[in-house]
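> got a structure for you, letters missing:
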């Protein structure tokens, strides 16, 4: 039977990658060290593939999207250039889609250009690319949530993901790619709101207490004011690895710019 061998919550600011922060390499150094630690632990877990939950992938209104192409390619430019290519584990991607469909969860398998072969290539967004920069080189599956769906639907999508992984017979790593509140600084693109610090503080406590499901209790106005992008991916992870079958360890939290960066290891215990 397949299983999750390691999971984590990671941020995805491009300047976490030192090559993309040449003018100020210390800006996100604390987070970078935590990402390197998470990468070492993922590598030690020896996954056959890694599933990345990203808020910035191919967004399908009212549906979860699951990457179903031959490969993914991405390029980030921010004071430097980093390129990345990954093969997609299509068997796992299709099993996830089927498991969700069987539970009547709205889901779309997404591809591009051709049905198979090298021209069948999806764009790799920074929500996938930044955490994978620190991870072992294995095939991937990217899943993008939909904010048009309920928090309960995201937990159910996690349950479908778990069922597909168990049926696969594979060792799977899981990354919830999450930046947190985006309203920490007035000069940031979303402005300042005091809810940002409050929401992030509550998320830190939920991680420390291993109560990841608790992000579903946030009031919608509170979320809108703080502007996090991590709630939906966290709930999928929480559904995939239930509370009784995981431990969570906060590695770091910082706010070097206008958005919060949190790194946490989520270790399956079952």
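Yes, it's here. On a predicted model such as this, the values are computed, not experimentally measured, just so you know.

> which residue packs closest to residue 163, ignoring adjacent ones?
Nearest in space to residue 163, with sequence neighbours left out and distances taken as C-beta to C-beta, 6 or more residues apart in numbering, is residue 99 at 4.7 Å. In this view, the C-beta of every residue, glycine as well, is placed from N, C-alpha and C.

> can you give me the strands in the stretch 1-150 of the chain?
Per DSSP state E, counting those that start in this stretch, the stretch 1-150 of the chain carries strands over the ranges 3-10, 49-53, 64-67, 71-77, 81-87, 107-110, 121-123, 140-144.

> and these: which comes nearest residue 203?
strand 3-10 (9.1 Å; C-beta to C-beta).

> report the angle between the closest one and strand 49-53.
40 degrees (axes from the mean of the first three to the mean of the last three C-alpha atoms, to 10 degrees).

> now do strand 3-10: which elements does it pack against?
Under the contact criterion of 3 or more C-beta pairs under 8 Å, 6 or more residues apart in numbering; DSSP states H and E, the helices and strands touching strand 3-10 comprise helix 29-45, helix 126-132, helix 151-168, strand 171-177, helix 231-240, strand 261-268.

> give me the mean pLDDT for stretch 225-234.
The predicted model assigns stretch 225-234 a mean pLDDT of 98.

> and residue 64, which of the helices and strands packed on strand 3-10 is closest to it?
That would be helix 151-168 among the helices and strands packed on strand 3-10, by C-beta to C-beta, at 5.5 Å.

> for residue 235, give its distance to residue 106.
Distance, residue 235 to residue 106, using C-beta to C-beta, to the nearest Å: 15 Å.

> and these two? which has more neighbours close in?
residue 235 (27 against 16; other C-beta atoms under 10 Å).

> so what's the more buried one closest to, chain neighbours aside?
In space, residue 235 is closest to residue 154, 3.8 Å off (C-beta to C-beta, 6+ apart).

> contacting residues around that neighbour?
Residue 154 sits next to 145, 232, 235, 236, 239 when contact means C-beta atoms under 8 Å, 6 or more residues apart in numbering.

> save those as a markdown table, and put in distance to residue 72 too.
Formatted as a markdown table, the contacts of residue 154 follow (distance: C-beta to C-beta, whole Å):
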| residue | distance to residue 72 |
| --- | --- |
| 145 | 18 |
| 232 | 20 |
| 235 | 24 |
| 236 | 19 |
| 239 | 24 |
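
> which one of these is nearest residue 50?
Distances from residue 50 to these, taken by C-beta to C-beta, are shortest for residue 236, at 14.2 Å.

> so who does that closest one touch?
53, 143, 145, 154, 155, 157, 158, 161, 176.

> can you check residue 169 too?
Residue 169 neighbours (C-beta under 8 Å, 6+ apart): 1, 2.

> which residues touch stretch 209-219?
Contacts for stretch 209-219 (C-beta under 8 Å, 6+ apart): 151-152, 155, 199, 202-203, 206, 230-231, 234-235, 237-238, 243, 246-248, 266.

> what's the local residue count around residue 23?
9.

> who's in contact with the nearest residue to it once chain neighbours are set aside?
Sequence neighbours aside, residue 79 is the residue nearest to residue 23 in space, at 5.9 Å (criterion: C-beta to C-beta, 6+ apart). Contacts for residue 79 (C-beta under 8 Å, 6+ apart) come out as 20, 21, 22, 23.

> and of the residues you listed, the nearest to residue 117?
When the contacts of residue 79 are compared against residue 117 (criterion: C-beta to C-beta), the nearest one is residue 20, at 30.8 Å.

> ok, the closest one - contacts?
Per C-beta under 8 Å, 6+ apart, neighbours of residue 20: 14, 76, 77, 78, 79, 80, 82.
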